[in-house]
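> make a model of this:
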Amino acid sequence: MSTLAPVLQTFFTDRLISQRRASPHTIAAYRDTFRLLLTFAATRTGKQPNTLDIDDLDAPLVSAFLEHLERDRGNHVRTRNNRLAAIHSLFGYAALRHPEHAASIQRVLAIPSKRFERNLLTYLTETEIDALLACCDRATWTGRRDHALLVLAIQTGLRISELTSLTCSDINLSTGAHVHCVGKGRKERATPLTPLTVSVLRVWISERAGTPTDPLFPTSTGTHLSRDAIEHRIACYTTTARENCPSLRTKHVTAHTLRHSAAMALLEAGVDVTVIALWLGHFSGAKFDNGNLSACRHVPEATSNRPRHTPRHKTRPLPTPGHTPDLPGDPLIMPTFSGRIPYPASDPAPRSA
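I've put the predicted structure just below:
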């Protein structure tokens, strides 16, 4: 009887679901990894997937599979390393239950992750943010939705997964306005909102007219936006904005770029790096590297012309209650403190629910 099939099943049902309570995204990623691996192994060995044994997935085969991902499927090194991490997790689980395969398992666990060059993580300047948000056609329902989504993303630095999961009840626009989310590592946090972000969201929620459990930024059919949909919208607006903002032509703008832009705005305002880490919900907590956020990974390169918070440069105190550090931009586009309504009075009437 094959030892691989029962180990693989209990790995998902007991290890990932029951013991670790892995998220659906993690389970789906592991599922795709082993589906690709079993297909590759069946082709190489000539065996059906249900007859494969642990020894059939030896180190040479796993190494060939990883090379196949890069060479034939065109995957990035990051994807290759993620697939390897899933394989290591399975074999580490199997090592305690099948010691008779310890030698083969150990050789697979010894396969190292592949190093790769990290690209410089960019961020948007004030002019670029204005140009990007100005591309939202607020004469349409979709444009007003995207405008509110981008304003919220740029001001709060929410991850794309956090944006897609927001519901109408996650926004509190009363005293102490904030957005509530459960982010990476199941960390729950409430991020404060600036006055004009509140104005933007108040207008949007009034037009949205959804129940507390409805998605805050829905599709035209009322379902949650997907990650790909948000990235696609950002890419479209970036392409349009490049016509009027030449500096955007050299930047690859993603949802994570907006998150990094929020961190840079806080850093420029003199907010301490520990507060920025809490604001953005860094999973590993606040770590320091010469006065920069190592959780942002590329801040030292991205902020070479920015003031660094070292013992020689004292940070400014946190803002007093009732005052929020100014964020850059036009009051009609970005949250500022002029008190102007974010949508012009000439906008068409909100679409009925």
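> quick check: phi and psi at Pro215.
Per-residue torsions, Pro215: phi -60, psi 140 (degrees, to the nearest 10).
> from now on call the first residue 329
Fine by me, first position is 329 from now on; the one you just mentioned is Pro543.
> who does the closest residue to it other than its chain neighbours form a beta bridge with?
Excluding the flanking residues, the one nearest Pro543 by Cβ to Cβ, 6 or more residues apart in numbering is His552, at 4.4 Å. All C-beta atoms are positioned from the backbone trio N, CA, C, and that covers glycine. Beta bridges link His552 to Pro546, judged by DSSP bridges.
> and His552, how far from Cys496?
12 Å (Cβ to Cβ, to the nearest Å).
> identify the contacts common to those two.
Pro543 (Cβ atoms under 8 Å, 6 or more residues apart in numbering).
> what are the ranges of the strands in the protein?
Per DSSP state E, the chain carries strands over the ranges 499-500, 506-510, 516-520, 616-617, 620-621.
> mean pLDDT lowest where, among those?
Among the strands of the chain, strand 616-617 carries the lowest mean pLDDT, at a mean of 38.
> so who does the residue lying closest to Leu365 once chain neighbours are set aside touch?
Among residues not flanking Leu365 along the chain, Phe393 sits closest, at 5.7 Å (Cβ to Cβ, 6+ apart). By Cβ under 8 Å, 6+ apart, the contact set of Phe393 is Leu364, Leu365, Phe368, Ala369, Arg411.
> need the max-distance pair from those.
Pairwise distances across these peak at 13.3 Å for Ala369 and Arg411 (criterion: Cβ to Cβ).
> can you tell me how far Leu332 is from Leu529?
51 Å.
> and for Pro377?
Applying Cβ to Cβ to Pro377 and Leu529 gives a distance of 49 Å.
> the two - which one has more neighbours?
A count of neighbours by other Cβ atoms under 10 Å puts Leu529 above the other of Pro377 and Leu529, at 24 against 17.
> alpha carbons of stretch 354-370, as PDB, please.
Written as PDB, here are the backbone C-alpha positions of stretch 354-370 (Å, rounded to 0.1, in the frame of the first residue of the first chain):
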ATOM      1  CA  THR A 354      -2.700  28.800   2.300                       C
ATOM      2  CA  ILE A 355      -4.600  25.500   1.800                       C
ATOM      3  CA  ALA A 356      -5.200  26.400  -1.900                       C
ATOM      4  CA  ALA A 357      -1.500  27.200  -2.400                       C
ATOM      5  CA  TYR A 358      -0.400  23.900  -0.900                       C
ATOM      6  CA  ARG A 359      -3.100  22.000  -2.900                       C
ATOM      7  CA  ASP A 360      -1.800  23.600  -6.200                       C
ATOM      8  CA  THR A 361       1.800  22.700  -5.200                       C
ATOM      9  CA  PHE A 362       1.100  19.000  -4.700                       C
ATOM     10  CA  ARG A 363      -1.100  18.800  -7.700                       C
ATOM     11  CA  LEU A 364       1.800  20.000  -9.900                       C
ATOM     12  CA  LEU A 365       4.300  17.800  -8.000                       C
ATOM     13  CA  LEU A 366       2.200  14.600  -8.400                       C
ATOM     14  CA  THR A 367       1.600  15.300 -12.100                       C
ATOM     15  CA  PHE A 368       5.300  15.800 -12.600                       C
ATOM     16  CA  ALA A 369       6.200  12.700 -10.600                       C
ATOM     17  CA  ALA A 370       3.600  10.500 -12.400                       C
END
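> which residues sit against that stretch?
The contact list for stretch 354-370 (Cβ under 8 Å, 6+ apart) reads 336, 340, 344-345, 350, 375-377, 380, 384-385, 389-390, 392-393, 396-397, 410-411, 414-415, 417-418.
> for burial, what's the neighbour tally of Glu445?
5.
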